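My questions are about this predicted structure, shown below with the sequence.
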Amino acid sequence: MSPPLGILSQLDAEVQFRTLVEQSLIGIYILQDGVFRYVNPKFAEIFAYTQEEIINRSPEDLVAPEDWPLVQDNIRRRLSGEIEKLIYSVRGRRKDGARIDVEIHSTLTEFQERPAIIGALRNITKLNRALEALKRRDAILEAVSFAAEGFLKTIDWRKNISEVLERLSRATRVGQVSVFENYRDDAGSLEARLFCRWYSPDFAPGVDQPTYDDFSWDAGGMENWAASLSRGLPVWGCFRKWGRKTSIIDVPIFVEGNWWGAIGFEDSLGEREWSAEEIEALKAAAGIIGGAVQRDQAHKALQRQQNLLRTIFRTIPDLIVLKDRDLDYRAVNPAFCRFLGRTEEEILGRKDQDLFPPAEVDIYRREDLRVMESGQSVAKDREVTGAQGKQWLQVLKTPVLDEEGATAGIICSFRDISARKKAEETLESHRARLQEIMAERIAGGTDF
C-alpha cells in the first residue's frame, strides 16, 4: 500500500527545505535549551568548526566575552515572548580565537514541539572593515583639506605641520605620525632626519627607548624600502618596537619630481591592513605636504632673488625708475633721488610734471606712451634737468609685462654720460681745429 499523498508532499518539502538550508550561503542555526540543535555547513564554516563540533555547544563559546551579555539578553527576550524577531550585530569568536563581526537575524519558532530560536547569520567582517576604511579615508581627506587650507594661509608651513600631523594621526587611528627629510651625508650615503613628529600620550616612548629620529636608507635593511619609495610607492610592514608589535606605513613625499622624504604612520595595536582607499588618501596627504615644501622653497628662492635685485637696485650707480600704466612713479633707487635732490617719499606717486620742467615733460610722456603701446624698448641720449642743472644721460625705457603679457608699466634707466659727451665735444673741437689748419695750409700752398 502506497503512503498517502499528503505524507509524500510533506517529505518532499522537508527534503527541499534541507537542501536549501544545507546549500545556503548564509549560516542557519536552531537554538534550544541554551545549546545549538542544528547548524548548517556555512554556519560551521564561518566559525571554523565542523557541524558536529557545534551541535550541543552553547552560543557563549562562539561570542566575544564582552558581547555575551547582549546575546544572552536577546535570547531571553525572544524566548519569553517579549520580542518575536530581532536583528543585531556582535563580535564572534572563531575556533582559532580570531574575532569576526557577525550579523544575526533571529525569530521565535518551535522545534520538536517546543520553543526554539531559528536564526540566520552572516559574516560582515569584511564589510565592516571596508566601511571603517572608508570612514578613515574620509577622515584623512578631511585632515588633508584642513592641511591644504592651513598651508595656503601662511608661507611658513612649519607653523601648521604639528596640528596637521595630529589630525592625520586621529584620522588614521595611529599612535604616531612622523615626517622625515632626505639628505646626503659627507660620504654620499642617503640619510633621513626627523623633520616633525606627533604622537599620542599612550604611544610616547620611554626614557630608555630609541626614538629613531635619524637613520640611513642605505643600511639596516632599509634599502628595499628606499627603492620603492623613490619610485613613488608606499611601503608598509609589521615590526617589533619597544617590545610591542607595531604596524608601519611610509608614504613618499616628492618636491618638483624629486624624492624629498616620507611621512610615516605607526600603529601599536598589532598588525594592520591598509585599504587601497586609505593608501590613496595618505598619498594625497603626502602630496599636500610636498606642495607646501615646494611652495616654501619657491618663496625662499624668490626672496633670495628679490634681495639680490633690491641690493643691485639700491647700489647701482645708474638711475632706475619704475612707472605704472598711469605713468605714476612706483619705485626709484637712491641714485635717482640724489639726481633730483628729493627723498623717495617726495617722488613716489608723482608724475613727470611734478618733477621736471614743462619743456621736458611732453617729450617724456610721448616716449612713455610709445613704449606702452608698442611694447618695444626705446633708447635715447638727452640732457635731463636735475638738482644740479642739466646733465647728459643715456635713457633706456623698457615695457613691464603682467602675467597675461599686457603692458603694466615701464622701467627706465638713466646712465650718466656727461664725461663721454665732454670727450666727444673735445674730440669734435680738435677735429674741427685740425680741419681749419689743413685748410689754411692748402690755401697757403704749404706741403705736408
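Noted; the coordinates are in hand.

low-confidence ranges in the stretch 151-300 of the chain?
Filtered on pLDDT under 70, the stretch 151-300 of the chain yields the residue ranges 202-212, 240-244, 269-270.

Where do the strands of it begin and end?
Assigned by DSSP state E, counting those that start in this stretch, the strands in the stretch 151-300 of the chain fall at 176-184, 190-199, 214-216, 235-241, 244-255, 258-267.

Pairing partners for the last one, with directions?
Strand pairing for strand 258-267, determined by DSSP bridges: strand 176-184 (antiparallel), strand 244-255 (antiparallel).

among these, which is nearest Gly27?
Gly27 lies closest to strand 244-255 among these, at 30.7 Å (CB to CB). Heads up, the C-betas are built off the backbone N, CA and C, glycines and all.

Just the buried residues of the closest one, please?
By neighbour count on 16 or more other CB atoms under 10 Å, the buried set for strand 244-255 is Thr246, Ser247, Ile248, Ile249, Asp250, Val251, Pro252, Ile253, Phe254, Val255.

Just send those residues back as JSON lines, with distance to Glu271 too.
Shown next, in JSON lines, are the buried residues of strand 244-255 (distance: CB to CB, whole Å):
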{"residue": "Thr246", "distance to Glu271": "9"}
{"residue": "Ser247", "distance to Glu271": "6"}
{"residue": "Ile248", "distance to Glu271": "11"}
{"residue": "Ile249", "distance to Glu271": "12"}
{"residue": "Asp250", "distance to Glu271": "16"}
{"residue": "Val251", "distance to Glu271": "18"}
{"residue": "Pro252", "distance to Glu271": "22"}
{"residue": "Ile253", "distance to Glu271": "25"}
{"residue": "Phe254", "distance to Glu271": "28"}
{"residue": "Val255", "distance to Glu271": "32"}
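
So which of those residues is the closest to Lys95?
Nearest member of those to Lys95, counting by CB to CB, is Ser247, at 25.3 Å.

Please report the distance of the closest residue to the closest one other than its chain neighbours from Ile249.
Distance criterion CB to CB, 6 or more residues apart in numbering; nearest residue to Ser247, sequence neighbours excluded, is Arg272 at 3.9 Å. According to CB to CB, to the nearest Å, Arg272 and Ile249 sit 8 Å apart.

residues in contact with the host helix or strand of Ile117?
For Ile117, the host element (DSSP states H and E) is strand 114-123. The contact list for strand 114-123, computed with CB atoms under 8 Å, 6 or more residues apart in numbering, reads 26-32, 37, 43, 46, 75, 78-79, 92, 100-111.

List buried residues within the residues you listed.
26-32, 37, 43, 46, 75, 78-79, 92, 100-104, 106, 108.

Now, those residues that are in helices?
Those of those mapping onto helices are Phe43, Ile46, Ile75, Arg78, Leu79, per DSSP state H.

which one of the residues you listed sits closest to Trp259?
Each of those was checked against Trp259 using CB to CB; the closest is Ile46, at 45.1 Å.

can you pull the pLDDT of that closest one?
pLDDT recorded at Ile46 is 95.

likewise Val332?
Per-residue pLDDT puts Val332 at 95.

these two touch, right, it and Leu348?
Yes - between Val332 and Leu348 there is a contact under CB atoms under 8 Å: 6.9 Å.

Compare the two and say which is more crowded by neighbours.
Val332 (23 against 13; other CB atoms under 10 Å).

Who are the contact partners of the more buried one?
Ile320, Val321, Leu322, Glu344, Ile347, Leu348.

export the residues you listed to CSV and tack on pLDDT and distance to Glu166?
Formatted as CSV, the contacts of Val332 follow (pLDDT from 0 to 100; distance: CB to CB, whole Å):
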residue, pLDDT, distance to Glu166
Ile320, 94, 49
Val321, 95, 51
Leu322, 94, 46
Glu344, 94, 47
Ile347, 96, 51
Leu348, 95, 46
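
So how do I select the buried members of those residues in ChimeraX?
In ChimeraX, a selection of the buried entries from the contacts of Val332 looks like this (16+ other CB under 10 Å):
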select :320,321,322,347
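
Mind putting the contacts of Val332 into JSON lines with distance to Ile411 and secondary structure?
Shown next, in JSON lines, are those (distance: CB to CB, whole Å; DSSP: H, G, I helix; E, B strand; the rest coil):
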{"residue": "Ile320", "distance to Ile411": "7", "secondary structure": "strand"}
{"residue": "Val321", "distance to Ile411": "7", "secondary structure": "strand"}
{"residue": "Leu322", "distance to Ile411": "5", "secondary structure": "strand"}
{"residue": "Glu344", "distance to Ile411": "16", "secondary structure": "helix"}
{"residue": "Ile347", "distance to Ile411": "15", "secondary structure": "helix"}
{"residue": "Leu348", "distance to Ile411": "15", "secondary structure": "coil"}
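
which of the contacts of Val332 lies closest to Arg18?
Leu322 (93.3 Å).

which two from the buried residues of strand 244-255 end up farthest apart in space?
The distance between the two most remote of the buried residues of strand 244-255 (CB to CB) is 28.0 Å, for Thr246 and Val255.

buried set for stretch 121-133?
Within stretch 121-133, the residues that qualify as buried are Leu121, Arg122, Asn123, Ile124, Thr125, Asn128, Ala133, counting by 16+ other CB under 10 Å.
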